[in-house]
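Asker: pasting the structure only:
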């Protein structure tokens, strides 16, 4: 069974290939603590020697950087010299600047932090003491967000297509999404185009989702397949595991469920913030094939 670390390494290798030819990342690090700024800068420089890094210790300086330089990634601490980090970001947003990838840095992640992070559209909350591997994962996610990505959405219901397309559009990833409600058309598209991932409804007309996965498996495509179903997840996942399916997502779903499926499809660690929003007792509607038990079970 593939581990999260194995899958992350595979995903990162693909990201590094995508990074070739991309413009260097522009990063802002805003924090009163010199040690945290230095630690973040060192990890960013090790990850991407071409990255352009700006630093700020005050909310005014952070606002100026966000407005003038439009960084792709912002690490923002809780307290700056004049404003709190979230207040400075809110001010910059009202002035028309919003970092595509915002990471808040906090000593503890409390319930109100989740509310603040969500209201600012933050991608993640980074806890101290800083974990270099976590920072690297965020840098890889930022690079993946900026890399052109093509995806296929084959769903039988307009409501399902609308829900997924809305989440994809606001995800911050550069995703070109093709849509269809027909299995035969989806099969043709998968054969003709190069898709990074596909969401495929089990109940498609023409060819159902499992048959579609079965037919494309011998083609050796690099497309990561997530099946959509209204049924129980495990029986569908047990069937899909033999056809190269990567995960199963149950409908109807919440936006956070689609976000989780999107991160899984892109081979990325799901953000801590997203984990917090989906923590028990809220169940996850996503089942990864890699998380299934090794023993085979009778498929209903």
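Answerer: Arrived safely, thanks for sending. These numbers were taken from a predicted model, which means no experiment stands behind them.
Asker: quick one: end-to-end distance for stretch 170-178.
Answerer: 16 Å (C-alpha to C-alpha, to the nearest Å).
Asker: mind checking the SS state of the residue positioned nearest the centre of the chain?
Answerer: Closest to where the C-alpha atoms of the chain average out (C-alpha atoms, centre = their mean) is residue 263, at 3.5 Å. Classification of residue 263 by DSSP: H, G, I helix; E, B strand; the rest coil places it in helix.
Asker: pretty sure it is touching residue 257, no?
Answerer: No. Using C-beta atoms under 8 Å, residue 263 is not in contact with residue 257; the gap is 11.1 Å. Placement of C-beta: from N, CA and C, glycine included.
Asker: can you pull the buried residues of stretch 230-247?
Answerer: Within stretch 230-247, the residues scored as buried using 16 or more other C-beta atoms under 10 Å are 233, 236-240, 243-247.
Asker: and if you look at stretch 214-227?
Answerer: Quick answer for stretch 214-227 (16+ other C-beta under 10 Å): 214, 216, 221, 223-227.
Asker: likewise for stretch 154-162?
Answerer: Neighbour-count burial for stretch 154-162 [16+ other C-beta under 10 Å]: 154-156, 160-161.
Asker: for the residue nearest to the centre of the chain, which non-adjacent residue is spatially closest?
Answerer: Nearest non-adjacent residue to residue 263, counting by C-beta to C-beta, 6 or more residues apart in numbering: residue 270, 4.6 Å away.
Asker: and the buried residues of stretch 214-227, which of them are in strands?
Answerer: Counting by DSSP state E, those place 224-227 in strands.
Asker: tell me which of those is nearest to residue 203?
Answerer: residue 227 (10.2 Å; C-beta to C-beta).
Asker: any idea how far the closest residue in space to residue 250 that isn't next to it in sequence lies from residue 226?
Answerer: Excluding the flanking residues, the one nearest residue 250 by C-beta to C-beta, 6+ apart is residue 285, at 4.3 Å. Distance, residue 285 to residue 226, using C-beta to C-beta, to the nearest Å: 11 Å.
Asker: mind listing the shared neighbours of the two?
Answerer: Common neighbours of residue 285 and residue 226, using C-beta atoms under 8 Å, 6 or more residues apart in numbering, are residue 249.
Asker: among the buried residues of stretch 154-162, which are in strands?
Answerer: residue 154.
Asker: farthest-apart pair in the buried residues of stretch 154-162, please.
Answerer: 154 and 160 (10.1 Å).
Asker: which residues are common contacts for those two?
Answerer: In contact with both residue 154 and residue 160: residue 201, using C-beta under 8 Å, 6+ apart.
Asker: what about the helices in this structure?
Answerer: Here the chain has its helices, by DSSP state H, at 4-19, 34-47, 59-69, 85-94, 111-119, 132-146, 158-169, 183-192, 209-216, 233-240, 255-265, 272-277.
Asker: who are the contact partners of residue 266?
Answerer: Counting by C-beta under 8 Å, 6+ apart, residue 266 touches 11, 144, 149, 173, 196-197, 224.
Asker: settle this for me: residue 122 is touching residue 102, isn't it.
Answerer: Yes. Between residue 122 and residue 102 a contact is recorded at 4.5 Å, counting by C-beta under 8 Å.
Asker: in the stretch 1-150 of the chain, where is pLDDT below threshold?
Answerer: 1-22, 109-111 (pLDDT under 70).
Asker: check the gap between residue 94 and residue 31 for me.
Answerer: 22 Å.
Asker: next: residue 238.
Answerer: According to C-beta to C-beta, residue 238 stands 47 Å off from residue 31.
Asker: before we move on, what about residue 209?
Answerer: Counting by C-beta to C-beta - residue 209 and residue 31 are separated by 47 Å.
Asker: the more surrounded of the two?
Answerer: Comparing residue 209 with residue 31 by other C-beta atoms under 10 Å, the one with more neighbours is residue 209, at 29 against 24.
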